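Sequence and computational prediction follow.
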4 protein chains.
Amino acid sequence: MSLLLTGATVIDGVADKGIDGRAILIENGRITAIDRPDALTVPAGTETLDYSGKFLIPGLMNANVHLLVNVMLETLVRYEGRYEDLIAEAAQVALKGGMTTVFDTWGPRRALMAVRDRIDRGETPGSRIRCAGNIVGFDGPFSDDFDKRIPGVGSSHFVDRINATWVENVGRHLMWLTPDEVGKEVRAYLERGVDFVKYASNEHGGASAGAFIAFSERTQRVIVEEAHRAGLTAQAHTSSVEGLRMAIEAGCDLVQHANTTGPTEIPRETLELFAEKNCGAVIFPLTDNGFKILKESISDPEWTIWKASDVNARNLVDSGASILLANDGGILAPEVMSEPMVKGTWNGLPEEEGLNRLATGHFVWLRAMEEKGMSPMALLHAATRNIARAYHVDDDLGTLEAGKIADVVVLDQDPLKGAKNYQSVHAVIKDGAVVDRDALPEQPLLTADLPPALEEETHYKRALHHGARLPGCPSCLNGSH
Amino acid sequence: MSLLLTGATVIDGVADKGIDGRAILIENGRITAIDRPDALTVPAGTETLDYSGKFLIPGLMNANVHLLVNVMLETLVRYEGRYEDLIAEAAQVALKGGMTTVFDTWGPRRALMAVRDRIDRGETPGSRIRCAGNIVGFDGPFSDDFDKRIPGVGSSHFVDRINATWVENVGRHLMWLTPDEVGKEVRAYLERGVDFVKYASNEHGGASAGAFIAFSERTQRVIVEEAHRAGLTAQAHTSSVEGLRMAIEAGCDLVQHANTTGPTEIPRETLELFAEKNCGAVIFPLTDNGFKILKESISDPEWTIWKASDVNARNLVDSGASILLANDGGILAPEVMSEPMVKGTWNGLPEEEGLNRLATGHFVWLRAMEEKGMSPMALLHAATRNIARAYHVDDDLGTLEAGKIADVVVLDQDPLKGAKNYQSVHAVIKDGAVVDRDALPEQPLLTADLPPALEEETHYKRALHHGARLPGCPSCLNGSH
Amino acid sequence: MSLLLTGATVIDGVADKGIDGRAILIENGRITAIDRPDALTVPAGTETLDYSGKFLIPGLMNANVHLLVNVMLETLVRYEGRYEDLIAEAAQVALKGGMTTVFDTWGPRRALMAVRDRIDRGETPGSRIRCAGNIVGFDGPFSDDFDKRIPGVGSSHFVDRINATWVENVGRHLMWLTPDEVGKEVRAYLERGVDFVKYASNEHGGASAGAFIAFSERTQRVIVEEAHRAGLTAQAHTSSVEGLRMAIEAGCDLVQHANTTGPTEIPRETLELFAEKNCGAVIFPLTDNGFKILKESISDPEWTIWKASDVNARNLVDSGASILLANDGGILAPEVMSEPMVKGTWNGLPEEEGLNRLATGHFVWLRAMEEKGMSPMALLHAATRNIARAYHVDDDLGTLEAGKIADVVVLDQDPLKGAKNYQSVHAVIKDGAVVDRDALPEQPLLTADLPPALEEETHYKRALHHGARLPGCPSCLNGSH
Amino acid sequence: MSLLLTGATVIDGVADKGIDGRAILIENGRITAIDRPDALTVPAGTETLDYSGKFLIPGLMNANVHLLVNVMLETLVRYEGRYEDLIAEAAQVALKGGMTTVFDTWGPRRALMAVRDRIDRGETPGSRIRCAGNIVGFDGPFSDDFDKRIPGVGSSHFVDRINATWVENVGRHLMWLTPDEVGKEVRAYLERGVDFVKYASNEHGGASAGAFIAFSERTQRVIVEEAHRAGLTAQAHTSSVEGLRMAIEAGCDLVQHANTTGPTEIPRETLELFAEKNCGAVIFPLTDNGFKILKESISDPEWTIWKASDVNARNLVDSGASILLANDGGILAPEVMSEPMVKGTWNGLPEEEGLNRLATGHFVWLRAMEEKGMSPMALLHAATRNIARAYHVDDDLGTLEAGKIADVVVLDQDPLKGAKNYQSVHAVIKDGAVVDRDALPEQPLLTADLPPALEEETHYKRALHHGARLPGCPSCLNGSH
């Protein structure tokens, strides 16, 4: 069970450039040494992999994915009893794309933890999962926070079951409670085994596009303290300048989509708080081309928000904050991706600009932030070391160093010569073993193709005139027909 | 009270061309003679109007207007108690445009009859109104037939009052009844003083875009018989090929928007029924340019319907049917016309192609049908004599002949040289008196300008970001936010 | 493969009373003789079943079931790919309840025909199915005809597929066509192998509670002629007095829920048409107690409709029409049946008054019609012989006679002594073989119990205060919160 | 212009009981002396009013009314251009009920200030108005904060105009801004002449029943500071325990409906903050009987909220906080009050328990708080002196003392002997003049009766069967029909 990686340029995430002529020795899943080949004592039976001309970087990480993001009624019904399969599929898609560790910041806790543990035990291939379960303060998938049309359409039996499964007693009703009472509920939740805490500083967006505040400063501090007392990191969902500031001041270890603050740009003093408070800044960036495409189909107010998010991203880079790669990465069902209405949204951007696609969005992130002025090494850190530090897993992950878990991505092209080179993944090594990427995902569900249309279906669409608006009546202009 | 019109070319609607050198003598509101000036015995005190170089045609008629078409909640609340003012305004707009008689085929009976009678008595200027009140089988303005969102938004008190005022016991519930029972209700309705009967052969469009049938053939015959027994004409609202055929076979004197039959063209045998049964065919045509504009913003199924309506219009012209000018003419409130959503509909066509504008739509009709191949004299008949005959008022109206009511339009340009010349209205004479067109409408309500925006309003719109869709959440794509 | 049934009172559906002392000999699935035991020549190897003290009646039939009635989005997603399993389950529930033949009058044609054929070939136990597929003129499950909220909630991909599967080109768009064109589409549909034709005389109820007419008299005649030309029977969905009359006059062999005519009672002349035209009258009756329960939770207009349906049921019995048992029998999913809103509807009636439950509703029918005055033998005929005749399958089914298929129900108690005795089913024989009723349904899906609530779920419901209406604001009374 | 009030028991709001044998001398609108009649120097021409056996108390005040509370579309359209008339009507209704000063805490600023000034100048009778205009952070009447169904139903033109008129640049978009930016907008608003500042600590209830927080603690402090810098008092709309605490800590002079904190009771430490911070506690109480009636028609979660509000009310009384009378008093249009849906809400309580009726709700308040244990004198203070102090108008108002404005209510019965005696209003003196209560309101608009139903209307309702649910279809149970 030992491997020797030779011949490649090693970009270890520690040195300020790539180093040639070094080999990496891996034993029992960990890096035991990095040195000139002739300086290494290689155990008998070690397999040598010659990566001449390649580039070795630490396994990529993603500070914000949703392995089960597709919470539409249809999907949740169709796969009920198989959510773990969907999560495993997603973890395998992530791994195939070079992400050896992903942080799932919202999803069904039981199923996520079950897959996490199966992967950790080596029973299932997949990206290493660390998960938060519910976002403290959020209601379930079939609620105002996500899709409020479902109660009444789906059966109460199903709707209640799904919501309860997601919420697990740390949902919206916590907003009614005193800080102490909230702390108590959070404490009980942490005992269920999640890896970190995420809470709502701002609401999710349905009520006032994210402007509302979910928890007072005092309550936010209590939540963060509960996390820290349990030895876990804390983070917040924020979407306004005040919500952001409150989260940093409450002591969060990182903040998600820190650049998203509605139509208002983050003021200078808050930008400075990040470095001061050592709070990781997750940025959700679009590429210049992505912005160009999006602008054509969104309203002015929405565009104002996107534009502010771009200014924020650039300012955060300049502020000295520790920048983290993340993208809400998930797999939308193919029937969703083929809906016409997806076209005009950020979910509908073409693959090369689509930030939130689990398989490829991290590559988009790297190209986008390169455009915004991040240096090659800063990009690498954002995708590896910074995330490990913010999540307090840097003893094991984030760089190529002796003693760390052997998560390595082998690239054909030099990532320090251009962010687009991250896409040239040649091989992925996780826990010291080469991943069989061609075999992933093992069981395509949401990544499978849609069945073709029935003959009746094409005919039906052609004949479907009953929804048409009848010409002839000037009084019928109010959209009720 | 006598007038002599001299010098003009007289296009009397009887001869197959215009005749020069004739004068028209009008006494007590009627034409008493048309002849060479020297052949006329002109009473003392007769005023002579020299119309040299002008063209005299019969007063224009419109077989389908809605003098109170603007049945949105806001308008009906704002003008409650003043519906007669809105109707009078509309009747004056119509008269100003050369229409000396209009047939109102749907509206609030009491208010329409009140204005009709005031105009007939000479107390108010305005186009001569003949009206049907409710369309037998239609529900009220705040119902599935028009705007079903209002019940629950408007108070029950207002909603019920408005619906009842429009429906007057001959609404949708008649569809439940036997033919005999329907006949009885219609008979009671006719006794209230309406001038003709209009009923629903097809539904109004809200349920299945007009495809449903409201009354069986047997019931339709009963309704028509009741009208005829009362000495009134009958007509139907139709919107499918079967609904159309049933209405003609039931004995209707005319059919509204006969060219509107959904996506299906009228079959040959039904086209022939018109002439055979002496049933007037009202056509709702768009101009070629109107079609071009409309096509850009409507769905394929809707376009299919419009296209079929155009084929039908042309086929009806060729079929030998008696063609009638009409356009659902009405005045939409300025706040409606400025709604963005009106743009992509036939109501939003620019004025020169807007068929259903009361002030100008009849001119659009004439140009559109000229494009479809109607001869100059056929156009004139469609706008005058054919309507008078279909409505059985040709003893008094429709041509310039001795004995008829003296409704005359004076044009600057020759209408037989191009349909666009109808717009060159120089003067309108109704009941033998020259109309003071500049004074109309006497009290602009719906034809008045909107007040300008408040300063706060412009600011409010600029600041209104709360409806924006928040970037950042891939699971929120279902439109519920 | 031969059976001898002895000792029972035989109520053969031909004689006007039960006959003792007769045995029934069954060979190869058919009755070969009914006679005194000593007069019969019984082949070697014949199994004798001693039914002393029991009562033998013809296998029960049901003229209107929906083996897949549960077309809510959730159910159709959950069981996609397994609709045949749902249909087989329902056919087995029906058989267990004594119904050896059921006529499915609306459902997905392919799946229904597949199960029909499997049952006919003896591969699956179940009630004999004869099916119509779509109702000509109806749109699919996710449309105005059933549940119009689904398009936009379910993916277009799924919504279109389901609708097309149900509609199969004979949906609402036929209402736009000429009679000839409709005939052509129906002819193509019949070639796909359905057993009879059902079409919409009235709309399904969503638009105007059933008052609209879907097809003109001429079109209805064409549809019926197409069925008859193909050797099939024709029937109609009707819901108004005119819709009903039109269907009978068009030549229908039977009419569904003939007693449902909105708030208006069927006039005498239409009642007489049934016998005159030899048209079977399916009645949907509630028991007196069922009406009592229902009345408490429904609106006055709905009650008016139910009351008229009861008067109609009684008048139809008196009219001499051939009365048929049917009930829209189906299996609603348990999560539907536990919804609070089901309580106040006819679906929510307790089992002993619940007409439309597939397992037991036919017993309710028999008790209800007994209350309305039908004689014991007339009840038996309604449940057997009349249905066989109306569907033109009386050469094989409907009575116990030599030559007919051996479908027999064995009752413990005398059905001629009280309709409630039909429930005392002792055994069911279909195609000459005793059904293993205890084994049915083989695979419970919709008849299985719901899983119990999760612990989180109960907690979630308790904590769910966010939907509450906030006291404190008098201006917020309009229900928008 | 001087008055002498003699013979009555004077309950001046200063002494701890009523005092007999004193007369009140009023000159030029102010009290110049209160003393034994023989000790007073009464100017010539003074009118003496003998109130023997009566009880004189300071003019009643109301800390929270909405003189234009009826912001339904229909009302705002019907009375556009006449909002001042509605406000004047309400101010007169209030005065008639003994309230000489009312604090309007939400409404259209321009119209409120116009009526305020007309009343202050003596041009119109009415209760003295002090007003806040918009609640900082609230959107307009046709928005998520009040009625979100209207945009799209009402014309954009009207909807935008109304919203802008109410919001005046201090609406929801302020939630996006930094504290400094919010401060700037508030400052600009104050310059328009409002009398005090009200802002949203919690949201209005539409999003999460009031649980969301609108402004961070830092922003709240800035808003309060802006008010104080301008010499005005500040108050907050709160609806959760954290929202309440934040408002008090931010320095509010009073808090509205302080007892409304969702399902959670106010913790002890927050109760103590009121006295500590000298923050007035407005309580919205129901009577025991009101609770009993309400309980029957509301959901469990809503009941939990009401129950907590009652516990809070009692605890606030015990806490030593300064309690203020207020009730969101307003006049709902008669067409609203007759809606069936109003029945089950607090707006629909019968008059004797209806807290928020402008004419009588303050009497309900006094009886309700008496039930909760407030002493007679504490009740009087809550309705007078405490309000004057909290609003910083106690130099002029709140007690009967020499030097203060002469606002006096004359009661037939002793208010210290039972709260119900406040209803025995004999006379009202405002600004030293006896109010002609019988003449108020001068022009009844919302207090006028509804017109009777038309004959057609009653018939229409009877015939209205089209909304009925059709029996007959088990698949149609999902409420879409």
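Thanks, I have the structure now.

Please identify the helix or strand for the residue in the stretch 251-400 of chain A positioned nearest to chain C.
Closest approach between the stretch 251-400 of chain A and chain C, counting by C-beta to the nearest C-beta: A:Glu335, at 3.8 Å. (Glycine included, C-beta is placed from N, CA and C.) Using DSSP states H and E, A:Glu335 sits within helix A:334-337.

Kindly provide the distance from the residue of the stretch 251-400 of chain A closest to chain C to B:Gly133.
Distance of A:Glu335 to B:Gly133, given as C-beta to C-beta, to the nearest Å: 50 Å.

Please identify which of the two sits among more neighbours.
Set A:Glu335 next to B:Gly133 and count neighbours by other C-beta atoms under 10 Å in any protein chain shown: B:Gly133 wins out with 28 against 21.

Spatially, what comes nearest to that one if we skip its sequence neighbours?
B:Arg109 (3.1 Å; C-beta to C-beta, 6 or more residues apart in numbering or on different chains).

Chain B contacts on the stretch 251-400 of chain A?
For the stretch 251-400 of chain A, the contact set with chain B under C-beta under 8 Å from any C-beta of the partner chain comprises A:257, A:260, A:262-263, A:284, A:298-299, A:301-302, A:304-306, A:309, A:328, A:330, A:332, A:336, A:341-342, A:345-347, A:356.

which of those residues count as buried?
The neighbour-count test (16 or more other C-beta atoms under 10 Å in any protein chain shown) marks A:257, A:260, A:262-263, A:284, A:298, A:301-302, A:304-306, A:309, A:328, A:330, A:332, A:336, A:342, A:345-347, A:356 as buried among these.

Isn't A:Val409 up against A:Pro58?
Yes: counting by C-beta atoms under 8 Å, A:Val409 does reach A:Pro58; the two are 7.3 Å apart.

what sits up against stretch A:185-198?
Stretch A:185-198 has contacts (C-beta atoms under 8 Å, 6 or more residues apart in numbering or on different chains) with A:103, A:105-106, A:109, A:113, A:116, A:130-136, A:168-170, A:174, A:177, A:199, A:222-224, A:226-227, A:230, A:232-237, A:256, A:391.

Looking at those residues, which are in strands?
A:103, A:130-131, A:199, A:233-237, A:256 (DSSP state E).

My read is that A:Leu254 contacts A:Leu324, right?
Yes: with contact defined as C-beta under 8 Å, A:Leu254 counts as touching A:Leu324 (6.3 Å).

which neighbours do those two share?
Common contact partners of A:Leu254 and A:Leu324 (C-beta under 8 Å, 6+ apart): A:63, A:280-282, A:390.

Farthest pair within those?
A:Ala63 and A:Ala281 (10.1 Å; C-beta to C-beta).

joint contacts of those two?
A:254, A:324.

So for the closest residue in space to A:Pro151 that isn't next to it in sequence, what's the pLDDT?
The shortest distance from A:Pro151 to any non-neighbouring residue, by C-beta to C-beta, 6+ apart, is to A:Val159 (5.2 Å). On the pLDDT scale, A:Val159 is placed at 92.

Does the closest residue to chain B within the stretch 251-400 of chain A belong to a helix, a strand or coil?
Nearest residue of the stretch 251-400 of chain A to chain B: A:Pro301, at 3.9 Å (C-beta to the nearest C-beta). Secondary structure for A:Pro301, judged by DSSP: H, G, I helix; E, B strand; the rest coil, is helix.

so how far is D:His204 from it?
A:Pro301 sits 21 Å away from D:His204, taking C-beta to C-beta as the criterion.

what do you get for A:Ala111?
37 Å.

More neighbours: which of these two?
D:His204 (28 against 21).

what helix or strand does the more buried one sit in?
Applying DSSP H and E, one finds D:His204 in no helix or strand.

what does A:Thr101 give?
strand A:99-104.

cool, and A:Ser239?
When elements are assigned from DSSP H and E, A:Ser239 belongs to no helix and no strand.

Excluding residues flanking it in the chain, which one is nearest it?
Of all residues not flanking A:Ser239 in the chain, A:Gly210 sits nearest, at 3.2 Å (C-beta to C-beta, 6+ apart).

and that neighbour, what does it touch?
Residues in contact with A:Gly210 (C-beta under 8 Å, 6+ apart) are A:202-204, A:239-240, A:243, A:260, A:262, B:470, B:472.

Could you tell me what pLDDT the model assigned to it?
Value for A:Gly210, per-residue pLDDT: 90.

Quick check: which helices or strands does the least confident helix or strand in chain A by mean pLDDT pack against?
For chain A, scoring each helix and strand by mean pLDDT, DSSP states H and E identifies helix A:455-463 as the least confident one, at a mean of 75. Packing partners of helix A:455-463 (3 or more C-beta pairs under 8 Å, 6 or more residues apart in numbering or on different chains; DSSP states H and E): helix C:156-167.

before we move on, back to that, tell me which of the residues of the stretch 251-400 of chain A next to chain B fall in helices.
A:301-302, A:304-306, A:309, A:336 (DSSP state H).

Show me the two of the residues you listed that sit farthest apart.
A:Thr304 and A:Val336, at 26.7 Å, using C-beta to C-beta across those.

Flag every residue of the stretch 51-200 of chain A that's near chain B.
Contact residues, the stretch 51-200 of chain A versus chain B (C-beta under 8 Å from any C-beta): A:66, A:69-72, A:141, A:146-149.

ok, and of the residues of the stretch 251-400 of chain A next to chain B, which contact chain D?
The residues of those that also fall near chain D, by C-beta under 8 Å from any C-beta, are A:262-263.

quick revisit: by neighbours, which of the ones in strands among the contacts of stretch A:185-198 wins?
Neighbour-wise, these (other C-beta under 10 Å) top out at A:Ala236, 32 neighbours.

Tell me, how many residues neighbour A:Leu95?
Number of residues near A:Leu95 (other C-beta under 10 Å) recorded here: 25.

quick one, what contacts it?
Residues in contact with A:Leu95 (C-beta under 8 Å, 6+ apart) are A:125-127, A:428, A:430, A:435, A:437, A:440.

at 6 Å what do you get?
Residues near A:Leu95 by C-beta atoms under 6 Å, 6 or more residues apart in numbering or on different chains: A:126-127, A:435.

now do A:Leu5
So A:Leu5 contacts A:24, A:49, A:51 (C-beta under 6 Å, 6+ apart).

how much space between the closest residue to the last one other than its chain neighbours and chain C?
Translated: A:Tyr51. Counting by C-beta to C-beta, 6+ apart, A:Tyr51 lies nearest to A:Ala8, which is 3.8 Å off, once chain neighbours are set aside. A:Ala8 is 45 Å from chain C, where distance means C-beta to the nearest C-beta, to the nearest Å.
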